[in-house]
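sharing a model that was predicted from the sequence below.
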Protein chains: 2
Amino acid sequence: MLLLGVDPGSRVTGYGLVEKKQSRMTCIHAGTIAPPGNLPLYQRIHKIFESMVDLISRYQPAEMAMEDIFFAKNVKSALKIGHARGAIMVAAAQCGLEVFEYSPLEIKKAVVGYGRATKEQVRSMVQAILNMGAIPSLDASDALATAICHLNWTRFDKKS
Amino acid sequence: MLLLGVDPGSRVTGYGLVEKKQSRMTCIHAGTIAPPGNLPLYQRIHKIFESMVDLISRYQPAEMAMEDIFFAKNVKSALKIGHARGAIMVAAAQCGLEVFEYSPLEIKKAVVGYGRATKEQVRSMVQAILNMGAIPSLDASDALATAICHLNWTRFDKKS
């Protein structure tokens, strides 16, 4: 079972591909998508879509897990994250991937065991769980954490 | 010059195709996109994308004009509208359409001449400008108003 975890952001979107074999999880690839800030908004949003479609076509994950958002600093930042999330959802659906959403609390609990963990604590646990060295960025480690959270669901233990 | 105007909403997205020949504007087609509420969010967002791509492929407009949003009732509704706007932007860019954004104030000023006009006042003016009978919904008339606003820009007078 190969899973794509995504952490959508208004400027930077993190992603991570995690494979689960028996009970062992491995990071296959992780990184970030950050369209140039000088492009018009609709072109930046389209770049996110294109990058996600490329990624899905190349690695063929079975499903997508995404961080859900209920809060944002303000309406303006909620709109920006909403645009990115919309583009990522369209990319997943275009490629036939089912999308699962988890709250930041669920993800932190699943990975660190503590809902109010910092991003740095999440990264340390992700490194430990996936037996990795450096993780390119906190956005990528958040995306990997989302994938781990989804893979920890019991129904996957049955499938893998 | 055929133009697609769009009024993105969290549940209902209005659209309107307006043609300008010399100085006369005509409504070619107008309606709404409202994906079933029982679908998962990502599938609803994908339906908006698919409907927009269908519409653009069928009518081949030259450009897209869209209502810009700076305010929303709250963060939750901003996120929802953001998702829809993201999907519409991806559809436009996939079809090679440039996207132009106008604030509700600019649209109302361009159509009614008064920035605080009601949706009903906008509809009446849209009907008068396009010489139309009934307009299917207020979402569709807002979308037509967005198209009229864009077509009223001087550079279009030069082009058409």
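In hand now; what should we look at? Numbers count the residues shown, from 1 in each chain, chains lettered A, B, ... in the order given.

what sits against the residue of chain A found nearest chain B?
Nearest residue of chain A to chain B (C-beta to the nearest C-beta) works out as A:G82 at 1.6 Å. All C-beta spots, glycine's among them, are computed from the backbone N, C-alpha and C. For A:G82, the contact set (C-beta atoms under 8 Å, 6 or more residues apart in numbering or on different chains) comprises B:78-83, B:85-86.

just for chain A, where's the confidence low?
Within chain A, the stretches with pLDDT under 70 are A:154-160.

ok, which residues in it are in contact with chain B?
A:40-43, A:45-46, A:49, A:69-72, A:74-76, A:78-87, A:89-90, A:92-94, A:99, A:101 (C-beta under 8 Å from any C-beta of the partner chain).

now do the helices in chain A.
A:41-59, A:75-94, A:104-111, A:119-130, A:138-151, A:154-159 (DSSP state H).

quick one: the second one to helix B:41-59, angle?
Going back to what we said before, that points to helix A:75-94. Taking axes from the mean of the first three to the mean of the last three C-alpha atoms, to 10 degrees, one finds helix A:75-94 and helix B:41-59 inclined to each other by 80 degrees.

so what's A:R24 bridging to?
Per DSSP bridges, the residues bridged to A:R24 are A:K21.

just give me the neighbour total for A:I81.
Around A:I81 there are 24 other residues, counting by other C-beta atoms under 10 Å in any protein chain shown.

what residues are up against it?
Neighbours of A:I81 in contact, by C-beta under 8 Å, 6+ apart: A:8-10, A:69, A:72, B:79, B:82.

could you dump those residues to TSV with distance to B:D142?
TSV is the format used below for these (distance: C-beta to C-beta, whole Å):
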residue	distance to B:D142
A:P8	28
A:G9	30
A:S10	26
A:I69	27
A:A72	25
B:L79	21
B:G82	18
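
just those now: which is nearest B:I28?
B:G82 (28.6 Å; C-beta to C-beta).

roughly how far does that closest one sit from A:I45?
The gap separating B:G82 from A:I45 is 10 Å, by C-beta to C-beta, to the nearest Å.

okay, and the common contacts of these two?
Common neighbours of B:G82 and A:I45 (C-beta under 8 Å, 6+ apart) are A:83, A:86.

now for the residue nearest to A:S77 when sequence neighbours are not counted, how many residues are close by?
For A:S77, ignoring the flanking residues on the chain, the nearest one in space by C-beta to C-beta, 6 or more residues apart in numbering or on different chains is A:S10 at 6.1 Å. Counted with other C-beta under 10 Å, the neighbours of A:S10 add up to 18.

one more: A:M1?
Applying other C-beta under 10 Å, we find 15 residues neighbouring A:M1.

OK, contacts around A:S51?
A:S51 makes contact with A:13, A:33, according to C-beta under 8 Å, 6+ apart.

and A:N131, by the same measure?
A:T26.

can you rerun that using 10 Å?
Counting by C-beta atoms under 10 Å, 6 or more residues apart in numbering or on different chains, A:N131 touches A:24-27.

which one of those is nearest to A:D54?
Nearest to A:D54 among the contacts of A:N131, with distances taken as C-beta to C-beta, is A:C27, at 18.5 Å.

the closest one touches A:L144, doesn't it?
Yes: the pair A:C27 / A:L144 is scored as a contact, 6.1 Å apart, by C-beta atoms under 10 Å.

quick one, which of the two is more surrounded?
Neighbours were counted for A:C27 and for A:L144 using other C-beta under 10 Å; A:L144 has more, 31 against 22.

how many neighbours does the nearest residue to A:C27 once chain neighbours are set aside have?
In this structure, A:C27 finds its nearest non-sequential neighbour in A:L130, 4.5 Å apart by C-beta to C-beta, 6+ apart. A:L130: 22 surrounding residues under other C-beta under 10 Å.

dump the residue contacts of A:L130.
Applying C-beta under 10 Å, 6+ apart, the residues near A:L130 are A:16, A:18-19, A:24-28, A:30, A:141, A:144-145, A:147-148.

farthest-separated two in the residues you listed?
Greatest spatial distance in the contacts of A:L130: A:R24 and A:S141, 18.7 Å, computed using C-beta to C-beta.
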